[in-house]
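Trainee: Return atomic coordinates for the entry below.
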Amino acid sequence: MNQLNFPGVIGAIDGTHVAIMKPLNEHNFINRKGYHSLNVQIICDSTMKVLNINANFGGSTHDSFIWRHSGIQRQMQQLYRNGERCWLIGDSGYPLQPYLLTPVLNAAPGTPEANYNAAHATARNIIERTITCYCT
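Mentor: Okay, here's the model as predicted:
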């Protein structure tokens, strides 16, 4: 995602709810907005190319839970342990990890943290556009 002034960032991650018909075990699929869905984790690169999709969890599942239980999280962790320095960027629904960059909460205006957040939001916008393009 060097085009977005975030060297080393290989992709952006987010979850999106895809509506489904009422399943048998519906309590796992009712999302926070009250409808049945899958919470689909998507990772894309800076050109909106989808790199990874995880559609294994119901709408009641939080993005951070899906991340913690995903093969891509384990893969990123292994790359980090092997000395690779590459990152994904995600919103504040994800945990900050050595290979997953998230915004700094409550950054004071005009600080380096606020500047980082602005650059982070600009770079992460690619996943929002990808989800809009492919999921609507």
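
Trainee: Pull up the gap between residue 78 and residue 7, please.
Mentor: According to C-beta to C-beta, to the nearest Å, residue 78 and residue 7 sit 21 Å apart. (Glycine included, C-beta is placed from N, CA and C.)

Trainee: cool, residue 16 as well?
Mentor: 27 Å.

Trainee: more neighbours, these two?
Mentor: residue 16 (19 against 10; other C-beta atoms under 10 Å).

Trainee: which intervals of this protein have sub-threshold pLDDT?
Mentor: For the chain, the stretches with pLDDT under 70 are 1-4, 136.

Trainee: Run through the strands of it in chain order.
Mentor: In the chain, the strands defined using DSSP state E lie at 9-19, 37-44, 50-54, 87-89, 100-101.

Trainee: highest average neighbour count across the ones you listed?
Mentor: Sort these by mean neighbour count, taking mean count of other C-beta atoms under 10 Å, and strand 87-89 sits at the top with a mean of 24.
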